[in-house]
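# Quick one: sequence and predicted model below, then my questions.
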Amino acid sequence: PTPSSPQPSHLPTLSFTPRSEEPMELTLLRRSAAHADLLKAVKSGQQGLGRQWLARMPDMVRGDAEIVLEVIRRDGVALQHAAEELRSNAEVVLAAVRRSGFALEYASQRLRSDPAFVLRAVQVNGFALARASEELQADEDVVLAAVREEGAAFEYAAEELKSDFNFALKVVETGGPSTMEHISSDLWDDPGFVLPAVKLHGCALEHAQAEIRGE
């Protein structure tokens with residue numbers, strides 16, 4: 001069933017202080033009966049969850065963190081249909097990225113431009129590098145973290161890093177064989193690069209120029 005879209009009523013705001021943390025405020029949300037039934041159905045797996053399903057839901061559902069988390073754990077890119085507030089929530093976005101690195105595209109601009117957050121995102125799913133800002137695709141720390149999680153993510157690094165002699169060797173060491181096809185061909189034409197790369201991973205020789213392989 002699709003719940004109606006009236007705004008849910010709120011109970012008073014409560015404030016408390018958990019151990020070793022700053023005071024937090026929580027607003028208790030009183031859901032409509034239809035909304036509560038939907039949440040139950042979602043959690044029990046009775047709904048076919050995904051981006052199309054979430055896109056059809058009213059605002060009160062797309063802004064419900066519990067429901068949205070259930071959806072994005074199945075389809076990370078469904079984050080695009082979540083309420084703006086949730087797309088600005090670091091933990092919600094990371095849950096989506098864990099399912100699909102490409103979900104980072106739908107995070108708020110504030111999160112996408114935050115180096116510390118993007119570093120966390122690529123540590124969860126290296127392919128999040130594909131949707132990082134150009135500036136962060138050229139950030140060595142971010143790129144190394146991404147290839148450490150998923151070597152093939154080097155495809156989405158800035159071109160200047162793919163042709164950087166010293167950095168490319170770090171990438172081979174960190175990300176292994178799946179990084180190699182994304183390294184600049186100019187480096188594979190250089191025996192000075194190929195030799196240390198082969199010492200790191202013997203299969204690197206497959207990417208070298210034929211003349212170098214013959215040697």
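Thanks, I have it.

# what bits of this structure have low per-residue confidence?
Low-confidence segments of the chain (pLDDT under 70): 1-31, 46-47, 213-215.

# so how many other residues sit close to V93?
By other Cβ atoms under 10 Å, 28 other residues sit near V93. C-beta: built from backbone N, CA, C; applies to glycine.

# just checking, it is part of a strand?
No - the assignment for V93, made by DSSP: H, G, I helix; E, B strand; the rest coil, is helix rather than a strand.

# Could you check how far the nearest residue to it once chain neighbours are set aside is from N89?
Counting by Cβ to Cβ, 6 or more residues apart in numbering, V93 lies nearest to A107, which is 4.4 Å off, once chain neighbours are set aside. Per Cβ to Cβ, to the nearest Å, A107 is found 9 Å from N89.

# which of the two has more neighbours?
A107 (29 against 19).

# L79 is in contact with the more buried one, correct?
Yes - A107 is in contact with L79 according to Cβ atoms under 8 Å; the separation is 7.3 Å.

# residues shared between the contacts of those two?
R87, V93, A96 (Cβ atoms under 8 Å, 6 or more residues apart in numbering).

# Can I get those residues in JSON lines including distance to K40?
Formatted as JSON lines, the shared contacts of A107 and L79 follow (distance: Cβ to Cβ, whole Å):
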{"residue": "R87", "distance to K40": "25"}
{"residue": "V93", "distance to K40": "25"}
{"residue": "A96", "distance to K40": "22"}
